[in-house]
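1. kindly generate the corresponding structure for this input.
(one chain, ligands or ions: 1)
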Amino acid sequence: MRAVDIIMKKRDGHELSREELAFIVNGYVSSEIPEYQISSWLMAVFFRGMSFRETADLTDLMLRSGSVMNLSGLAGPFVDKHSTGGVGDKVSLVLAPIAAACGIKVPMMSGRALGHTGGTLDKLESIPGYTTRLDEASFREFIGRDGFAMTGQTDAIVPADKKLYSLRDVTGTVESVPLITASILSKKVAEGADALVFDVKSGPGAFMKTEEDAERLATSLVRTGQAMGKRIVGVITDMTEPLGDKVGNFLEVEESIDCLKGGGPADMMEVTYRLTSWMLVAGGVAKDIAQAETMCREAVSSGKAYELFLRNVRNQGGDAEKMQALYGNWRSRYSRELKAPRTGYVASIDAYKIGLAGVYLGVGRDRTTDPVQPDVGFIFKARKGAKVGEGDLVATVYGKDDASLDAAWPLISGSLTVSDNKPVTSPLIIKEITAL
Ligand code: URA
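-> Here you go, the predicted model:
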């Protein structure tokens, strides 16, 4: 077999066999095929696409490039959720303890903030002492005893994706639905879950900017995951506005605590209950979405979900008492107020601009190696649809220093639109695609 023949076959729009895909993936991981040929193949895939069969084979071959989490000996059902990333998206912190309280085992492997989107690991690590670097024995122990554990990906999980993703990043081939599908799904299947729920965000603050693109990705994730023998649900949710009232790292831990104590913002709870309910259905502990939602609400109102969250904080080295003492108090001393420029209704707060501004403030980062700050971000006092008078407070913004606030301010003030008429509310849950 020759790489050039496989490149030309894909260039001309033909379907590649599993053997040909294996030749490419294994040849790249072992460095036998040079990067210029893999780059060319990636571009051919970008323009010609892949069938679901090819995508499933690519996913499986990538998965096999590394090790898989061993959950054998533990009682399931094992179900995880993955979000394609957004602004203010702290759903994982709330969903995992709720799902665990309802009898689901959640082996959660999360990512870090990058670009305008936040990262679950950075939010969790803002809790004093909390570590997201768990060895396999601890990961298994916490899932077995308390129903969930939150960790980062190890180097042993899907090494093919690490190499391919870095190359896609510099060759203009990131935005390809089959390549994104194989990248995300290979890592999620490596966690050992039986079923997966995908939150595919759609809108300016999301990776997929239009509903059509979000639906193409959701369909691809569901059909490919199904071909790999998993029960899958894809939920397309709106990411035009930031999710919740707080955006930051510790600020989002605070809001997660509110949600778990039953006082979370309506949009956060709507998305969280829906995704968690699908986890319960996919895991077979609820017969339908209505029963599942009742169970999720009961897990919150009974205090069980919050209790499991505190247990997880302690399991993973966090100081739960200090976290609770810092609640409401841990704020950078560099702050500024965003005020309504005129009387009217908040028509929109652009999630993308808020996410980008967050990179300057220290919420997020441009490069994976950059540090983030725990005590910076946004507290919104007025959200879409709120009536405001000229000069009313819309948000308090915390930055790592004055220079960061100066740099972020054009984005922050440009994110806010005030109009004369009350804006129409658009649904948060746009579409659901199931393969159960
Ligand atoms: N996130 C991933 O993990 N992989 C992609 O290809 C895109 C987003």
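2. can we go C-alpha only for contacts and neighbour counts from here?
-> Fine.
3. where do the strands sit along the stretch 151-300 of the chain?
-> Secondary structure of the stretch 151-300 of the chain (DSSP state E, counting those that start in this stretch): strands located at 195-202, 231-238, 246-248.
4. among the ones you listed, which is nearest the ligand?
-> Set against the ligand and scored by Cα to the nearest ligand atom, the strands of the stretch 151-300 of the chain come closest in strand 195-202, at 10.6 Å.
5. can you tell me what sits against the closest one?
-> By Cα atoms under 8 Å, 6 or more residues apart in numbering, the residues outside strand 195-202 that reach it are 78-86, 188, 207-211, 213-214, 217-218, 221, 230-240, 275, 278-279, 282-283.
6. roughly how far is it from the heart of the chain?
-> Relative to its chain's centre, strand 195-202 lies at 9 Å (Cα atoms, centre = their mean, to the nearest Å).
7. alpha carbons of it, as CSV, please.
-> C-alpha atoms of strand 195-202 as CSV (Å, rounded to 0.1, in the frame of the first residue of the first chain):
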residue,chain,number,x,y,z
ALA,A,195,-23.9,5.2,26.6
LEU,A,196,-23.1,8.8,25.8
VAL,A,197,-25.0,12.1,25.7
PHE,A,198,-23.6,14.8,23.4
ASP,A,199,-24.5,18.5,24.0
VAL,A,200,-23.8,20.0,20.6
LYS,A,201,-23.8,23.7,21.0
SER,A,202,-25.0,25.9,18.2
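8. these two touch, right, Gly264 and Glu252?
-> No - in this structure, Gly264 is not within contact of Glu252 by Cα atoms under 8 Å, at 11.0 Å.
9. neighbour count winner among the two?
-> More crowded of Gly264 and Glu252, by other Cα atoms under 10 Å: Glu252, with 27 against 19.
10. about what we covered before: can I have the buried ones of the contacts of strand 195-202 as a PyMOL selection?
-> To isolate the buried ones among the contacts of strand 195-202 in PyMOL, judged by 16 or more other Cα atoms under 10 Å, type:
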select buried, resi 78+79+80+81+82+83+84+85+86+188+207+208+209+211+213+214+217+218+221+230+231+232+233+234+235+236+237+238+239+240+275+278+279+282+283
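11. take the contacts of strand 195-202 and keep only those in helices.
-> If you go by DSSP state H, the contacts of strand 195-202 have Lys188, Glu211, Asp213, Ala214, Leu217, Ala218, Leu221, Leu275, Trp278, Met279, Ala282 in helices.
12. who's in contact with the third one?
-> This points to Asp213. Going by Cα under 8 Å, 6+ apart, the list of residues near Asp213 reads Ser202.
13. repeat that for 10 Å
-> Glu175, Val177, Val200, Lys201, Ser202, Gly203, Phe207, Thr219 (Cα atoms under 10 Å, 6 or more residues apart in numbering).
14. now these as JSON lines including distance to the ligand and pLDDT?
-> JSON lines is the format used below for the contacts of Asp213 (distance: Cα to the nearest ligand atom, whole Å; pLDDT from 0 to 100):
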{"residue": "Glu175", "distance to the ligand": "7", "pLDDT": "89"}
{"residue": "Val177", "distance to the ligand": "8", "pLDDT": "96"}
{"residue": "Val200", "distance to the ligand": "11", "pLDDT": "98"}
{"residue": "Lys201", "distance to the ligand": "12", "pLDDT": "97"}
{"residue": "Ser202", "distance to the ligand": "13", "pLDDT": "97"}
{"residue": "Gly203", "distance to the ligand": "15", "pLDDT": "96"}
{"residue": "Phe207", "distance to the ligand": "8", "pLDDT": "89"}
{"residue": "Thr219", "distance to the ligand": "15", "pLDDT": "97"}
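15. now list the buried members of those residues.
-> So, by 16+ other Cα under 10 Å, the buried ones in the contacts of Asp213 are Val177, Val200, Lys201, Ser202, Gly203, Phe207, Thr219.
16. re the thing from before, between Gly264 and Glu252, what contacts are shared?
-> Gly244, Asp245, Asp258.
17. got a quick PyMOL command for the buried subset of those?
-> With 16+ other Cα under 10 Å as the criterion, this PyMOL line picks the buried residues out of the shared contacts of Gly264 and Glu252:
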select buried, resi 244+245
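18. close to the ligand: what parts of this structure are there?
-> Val174, Leu179, Ile180, Ser183, Ile184 (Cα under 6 Å from any ligand atom).
19. out of those residues, give me the one that has the most neighbours.
-> Highest neighbour count within the residues of the chain next to the ligand: Leu179, with 24 neighbours (other Cα under 10 Å).
20. so can I have CSV of the contacts of Asp213 showing distance to Gln226?
-> Converted to CSV, the contacts of Asp213 look like this (distance: Cα to Cα, whole Å):
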residue, distance to Gln226
Glu175, 22
Val177, 16
Val200, 17
Lys201, 20
Ser202, 22
Gly203, 26
Phe207, 23
Thr219, 10
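21. closest to Ala100 among those?
-> Val200 (22.2 Å; Cα to Cα).
22. from Gly317, how far out is the closest one?
-> Per Cα to Cα, to the nearest Å, Val200 is found 31 Å from Gly317.
23. taking this protein, what residue is nearest to the ligand?
-> The chain approaches the ligand most closely through Ile180 (3.5 Å), counting by Cα to the nearest ligand atom.
24. now do the contacts for the closest residue to that residue other than its chain neighbours.
-> Of all residues not flanking Ile180 in the chain, Val174 sits nearest, at 7.1 Å (Cα to Cα, 6 or more residues apart in numbering). For Val174, the contacting residues are Leu42, Met43, Phe46, Leu164, Tyr165, Ser166, Leu167, Arg168, Ile180, by Cα under 10 Å, 6+ apart.
25. report the backbone C-alpha coordinates of the helix or strand of the chain with the lowest mean pLDDT in PDB.
-> Least confident helix or strand of the chain, by mean pLDDT, DSSP states H and E, is helix 159-171 with a mean of 91. Only the C-alpha atoms of helix 159-171 are listed here, as PDB (Å, rounded to 0.1, in the frame of the first residue of the first chain):
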ATOM      1  CA  PRO A 159      -2.400   9.300  21.100                       C
ATOM      2  CA  ALA A 160      -3.400   9.400  17.500                       C
ATOM      3  CA  ASP A 161      -5.800  12.200  18.200                       C
ATOM      4  CA  LYS A 162      -3.100  14.300  19.900                       C
ATOM      5  CA  LYS A 163      -0.900  14.100  16.800                       C
ATOM      6  CA  LEU A 164      -3.800  14.500  14.300                       C
ATOM      7  CA  TYR A 165      -5.400  17.400  16.100                       C
ATOM      8  CA  SER A 166      -2.200  19.400  16.300                       C
ATOM      9  CA  LEU A 167      -1.700  18.800  12.500                       C
ATOM     10  CA  ARG A 168      -5.300  19.800  11.800                       C
ATOM     11  CA  ASP A 169      -4.900  22.900  13.800                       C
ATOM     12  CA  VAL A 170      -2.100  24.200  11.500                       C
ATOM     13  CA  THR A 171      -3.400  22.900   8.200                       C
END
